[in-house]
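Chemist: Mind looking at a prediction? Sequence and model below.
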Amino acid sequence: MKSAEKDAEMQRFKRAETQIMVATTVIEVGVDVPNASIMVIENANRFGLSQLHQLRGRVGRGADQSFCLLVTPYQLSEDTRKRIEIMTATCDGFEIAEADLKLRGPGDLEGTQQSGIVFDLRLANLARDGVLIERCRELAREIIAKDPQLTSKENRLMGRILKRLKKSPFDWSYIS
């Protein structure tokens, strides 16, 4: 379909002139049809958690109860089964993102690998150690509030390490 035809069909669907829409995953972007109440996602096993959550978010925007049916083959890999279970257990995007992080790993924070366990990250596991990381953030803020230049006796070493890290030629824009 050409773009104008797609737009015309979308408008017909929004006006409830068309009761059923069959679409590809492109439907996830920019669609707001409050009367859309049922979605069937075929081969849901082929999608990641974030895309399934985005697709499911296209229904249930109005006052009517909505349903999203995830159709999969009977036999699923362990990872796929976990993803489907997460999608059926919650609609909370934060919980889904957290579960996705636990399943796929954080990826490469300084590179282009978007997911997977990175063995260079040794101090904390972003998925498992969330409470610890949050507490560290709070402590860091307290230290900076009391000693912004990190010049006190107990903070000098941290100050030197941070200066050394800042001199590092790493360019974050190179990643993207």
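Modeler: It's in.

Chemist: Now Ser66. Nearest residue, chain neighbours left out?
Modeler: Among residues not flanking Ser66 along the chain, Gly60 sits closest, at 3.3 Å (Cβ to Cβ, 6 or more residues apart in numbering). Bear in mind the C-beta positions are built from the backbone N, C-alpha and C, glycine included.

Chemist: Now do that neighbour against Thr25, distance only.
Modeler: From Gly60 across to Thr25, the span is 18 Å (Cβ to Cβ, to the nearest Å).

Chemist: now do Cys91
Modeler: Counting by Cβ to Cβ - Cys91 and Thr25 are separated by 19 Å.

Chemist: Neighbours of Leu162, how many?
Modeler: Neighbourhood size, Leu162 [other Cβ atoms under 10 Å]: 12.

Chemist: OK, contacts around it?
Modeler: Leu162 is in contact with Leu150, counting by Cβ atoms under 8 Å, 6 or more residues apart in numbering.

Chemist: my guess is it is in a helix, correct?
Modeler: Yes: looking at Leu162 with DSSP: H, G, I helix; E, B strand; the rest coil, it is inside a helix.

Chemist: Can you check which helix is longest in this structure?
Modeler: Longest helix in the chain, counting residues (DSSP state H): helix 130-146.

Chemist: Leaving out sequence neighbours, find the closest residue to Ser50.
Modeler: Closest residue to Ser50 apart from its sequence neighbours, by Cβ to Cβ, 6+ apart: Asp100 at 6.4 Å.

Chemist: now Thr25: how far from Ser77?
Modeler: Look at Thr25 and Ser77: by Cβ to Cβ, they are 21 Å apart.

Chemist: List the contacts of Ala140.
Modeler: Applying Cβ under 8 Å, 6+ apart to Ala140 gives no contacts.

Chemist: Of all the helices and strands in the chain, which has the lowest average confidence?
Modeler: The helix or strand of the chain with the lowest confidence, counting by mean pLDDT, DSSP states H and E, is helix 156-167 at a mean of 82.

Chemist: then that helix to PDB, C-alphas only?
Modeler: C-alpha atoms of helix 156-167 as PDB (Å, rounded to 0.1, in the frame of the first residue of the first chain):
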ATOM      1  CA  ARG A 156      41.100  13.000  47.800                       C
ATOM      2  CA  LEU A 157      41.700   9.600  46.300                       C
ATOM      3  CA  MET A 158      38.200   9.600  44.600                       C
ATOM      4  CA  GLY A 159      39.000  13.100  43.300                       C
ATOM      5  CA  ARG A 160      42.300  11.900  41.700                       C
ATOM      6  CA  ILE A 161      40.600   8.800  40.200                       C
ATOM      7  CA  LEU A 162      37.900  11.000  38.700                       C
ATOM      8  CA  LYS A 163      40.400  13.400  37.200                       C
ATOM      9  CA  ARG A 164      42.300  10.500  35.600                       C
ATOM     10  CA  LEU A 165      39.000   9.100  34.200                       C
ATOM     11  CA  LYS A 166      38.100  12.600  32.800                       C
ATOM     12  CA  LYS A 167      41.400  12.700  30.900                       C
END
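
Chemist: I am finished for the moment; much appreciated.
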